[in-house]
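Just the structure for this:
(4 chains)
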2 protein chains.
Amino acid sequence: MAALNERQKLILALIVHDFVETAQPIGSNHLVERYNLDISSATVRNVMVDLTDAGYLRQPHTSAGRVPTEEAYRYFVRQLMGHTELPATTQRTITHQFYQAGRDVSRWMRLAASVLAHQSQAASLVTAPRPEQALFKHLSLISTQGRQVLMVMVWSGGEVRQQMLTLAEPVSQEQLSTAAARITQLCQGKDLEGISALRGQFDALETDVLKLVNEDLERARRLISGEVYRDGLTNVLAEPEFAESESARKALRVLEERSLLEDLLSRTVLNSGVDDVQILIGGEGTWQELRDCSVVLARYGAPGLVTGALGVLGPTRMAYGRTVSAVRFVSGLLSDLVVDSLAE
Amino acid sequence: MAALNERQKLILALIVHDFVETAQPIGSNHLVERYNLDISSATVRNVMVDLTDAGYLRQPHTSAGRVPTEEAYRYFVRQLMGHTELPATTQRTITHQFYQAGRDVSRWMRLAASVLAHQSQAASLVTAPRPEQALFKHLSLISTQGRQVLMVMVWSGGEVRQQMLTLAEPVSQEQLSTAAARITQLCQGKDLEGISALRGQFDALETDVLKLVNEDLERARRLISGEVYRDGLTNVLAEPEFAESESARKALRVLEERSLLEDLLSRTVLNSGVDDVQILIGGEGTWQELRDCSVVLARYGAPGLVTGALGVLGPTRMAYGRTVSAVRFVSGLLSDLVVDSLAE
DNA sequence: TTTAGCACTCTCGAAGCGAGAGTGCTAAAT
DNA sequence: ATTTAGCACTCTCGCTTCGAGAGTGCTAAA
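Model prediction:
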């Protein structure tokens, strides 16, 4: 696959651009007229033959225009697209909305999903930030009614987890507070293993509580991603490539089914740096469900401390420029917010 | 619309049943053969004419079989369907899963949505339980870093809400704990107004904290439903009535767009009793988006204290028996769980 | 009141056909 | 050595036609 010359690049870029817009095969005449090219349609056709031989274009049938191949999108994304950013006013609006949302993580998530879906006109997903290595910070024990106790655990990074505990016999709120204070003091800054090592220094009540802390965290640790937020699912249904519902089903299954999503995320963003946008085109041969789909993903957060993932799923024929800049921007914004809420 | 005789009811029930299964117009011959009726197809045709005149059936075109009208589904649901329950083994399995999920509300929600989607083979939604009238129960203040403080509020019904607070100047954890204890003691059992009435009894730090408590709760109060959980969206895409994506879009928009959902819920389940299953067929003339859709909804929880809503959205041609029993069962189960976690 | 018989209607898929769009090739022009 | 005009060729798409099949409604007999 020899390097493309300038004219070839131009034609390829134009075809990708037009096809993204119209979803129709692009013909040589069409291209010349639309862009007032100072070359003839015959020349364009010659170039098209080159690009077809190089594997960047294909024809749906003998006498139709050309359509970009997956390879073309990859080339476009790598070499032709250039670095774009969201318009400054859009950036300001979005930033403003986030700061208005206060410190409520679940609102950040919903907002991020909504912004991504809207900017990319595709389906978006955002996973809640999760600590990569959780350090214990604080425990509250609150008696609710009878022998029921609400445990509220705070972990490094501000993750709050709750759990109910049923005691063998009623215990006063005072006793609970004392126990919580003792556990908080002894376990502060420790991770799961550190806490287990303290076994034996606690009385019966405290041991009961700690067992639940352990269980809860063990369960949480098994999952890569936190709560998943989605938006814009109906956007992809509007795209012609998902007109017959079968293809739409396949694509949306990936977002809906936890196991598929975890698989996708674990093989991509987990190995990448924060705010580093990854683009998966056409499932890259691996994901059968993502044939005809592209996914733009990024990891956000504070690496080593708290991270989450976010991204957009749309047809291969996707406005990569806009989508990538939206993902990059929101990812950066969330990273800032998460880091801010870690330390100031 | 005169009352139907037994034969008419039988035929109507069979047509609804068959159409739900096959999604094809039902012909008189087909019916007689399949159910070994001891009447002739001509007789069935006569009955069909009656039912068509009565508005329960219609023909897609002159020489096709009959299709139930929305009116037919309503009649079916009210008069013909009878009371069904999920099989006992299914009930046990589901119950077991819920108790395995411990006390984690967000897992209940996910599980409920998943069970509903699976049992009804349609799209499901579940809103997190929210206090109808929130009484303050407990406050923890946890210093994180510098002047950042994490507030964790516990409200009646076990709802835990968190908020970040940035102080003017650093304050020790000890001081924070004292303030939290004082606020907890003074405000315990009070609602938003009760807390406002105490204004003036607090020092600067405590007032700052309370302002945030107020803000957060004010914001929460404006929403009818808590976090929304969805599942089985891809199920509805498998139905032939949603084969062209346009109709699918309309239906899924209702689930996806918060405002539409809130509208739907506020006009239905909010006025109904808990565990009382409501069935909306074809949008009932009001919801344009829900043409060709039916929604089966119920409110769950402890009325007056904590409630949420849950339901299923599918094509009008839906297995109402199975769906209604699934919704009723899961609603009851969630009610029990919520009530249990309130008091024991 | 039920049913057999039958003419009638309408959809659906296959087949046929022409218009239109777009190509690839060749030969001339730059 | 490129570029381009010209042209024949190919293939899709929309349209129409047509026959088979399914299902009805009506009528007259049981």
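
Could I get the phi/psi values of the closest residue to DNA strand D within the stretch 101-250 of chain A?
Residue of the stretch 101-250 of chain A nearest DNA strand D, by Cβ to the nearest atom of the strand: residue A:240 (11.7 Å). Bear in mind the C-beta positions are built from the backbone N, C-alpha and C, glycine included. Geometry field for residue A:240 lists phi and psi as phi -60, psi -30, criterion degrees, to the nearest 10.

same deal with the one 4 residues further on?
Dihedral pair for residue A:244: phi -80, psi 130, per degrees, to the nearest 10.

Would you check how far apart the residue of the stretch 101-250 of chain A closest to DNA strand D and chain B are?
9 Å (Cβ to the nearest Cβ, to the nearest Å).

List the residues that contact that residue.
residue A:23 (Cβ atoms under 8 Å, 6 or more residues apart in numbering or on different chains).

ditto for residue A:154
By Cβ under 8 Å, 6+ apart, residue A:154 lies in contact with A:137, A:138, A:139, A:160, B:142, B:150, B:152.

same thing but 7 Å
A:137, A:138, A:160, B:142, B:150, B:152 (Cβ atoms under 7 Å, 6 or more residues apart in numbering or on different chains).

Secondary structure of it: a strand, I assume?
Yes: with DSSP: H, G, I helix; E, B strand; the rest coil as the criterion, residue A:154 is part of a strand.

ok, back up a step: please flag which of the contacts of residue A:154 sit within strands.
Judged by DSSP state E, the subset of the contacts of residue A:154 located in strands is A:137, A:138, A:160, B:142, B:150, B:152.

Flag whichever of the residues you listed scores worst on pLDDT.
Within the ones in strands among the contacts of residue A:154, pLDDT reaches its minimum at residue A:160, with 78.

Tell me, how many residues neighbour that residue?
As a burial measure, residue A:160 scores 19 neighbours (other Cβ atoms under 10 Å in any protein chain shown).

same deal with the one 3 residues further on?
As a burial measure, residue A:163 scores 18 neighbours (other Cβ under 10 Å).

If you average pLDDT per helix and strand, which one of chain A comes out bottom?
strand A:160-166 (a mean of 78; mean pLDDT, DSSP states H and E).

helices or strands up against it?
For strand A:160-166, the packing partners by 3 or more Cβ pairs under 7 Å, 6 or more residues apart in numbering or on different chains; DSSP states H and E come out as strand A:148-155, helix A:204-222, strand B:160-166.

touching chain B at all, the second one?
No: shown here: helix A:204-222 not in contact with chain B (Cβ under 7 Å from any Cβ of the partner chain), separated by at least 7.9 Å.

buried set for that helix?
A:205, A:206, A:208, A:209, A:210, A:212, A:213, A:216, A:217, A:220 (16 or more other Cβ atoms under 10 Å in any protein chain shown).

Check the model's average confidence along it for me.
pLDDT averaged over helix A:204-222 gives 81.

got it, and stretch A:106-113?
94.

Would you pull up how far that stretch lies from the middle of the chain?
Here stretch A:106-113 is found 12 Å from its chain centre; the criterion is Cα atoms, centre = their mean, to the nearest Å.

do the same with stretch A:74-94
17 Å.

now for the helices and strands packed on strand A:160-166, which one comes closest to residue A:4?
helix A:204-222 (46.9 Å; Cβ to Cβ).

who touches the helix or strand following that closest one?
Downstream of helix A:204-222, the first helix or strand assigned by DSSP states H and E is strand A:228-231. Strand A:228-231 is contacted from outside by A:109, A:110, A:113, A:114, A:117, A:123, A:124, A:125, A:126, A:127, A:255, A:261, using Cβ under 7 Å, 6+ apart.

rerun that using 6 Å as the cut-off
Around strand A:228-231, the neighbours that count as contacts under Cβ atoms under 6 Å, 6 or more residues apart in numbering or on different chains are A:109, A:110, A:113, A:114, A:117, A:124, A:125, A:126, A:127, A:255.
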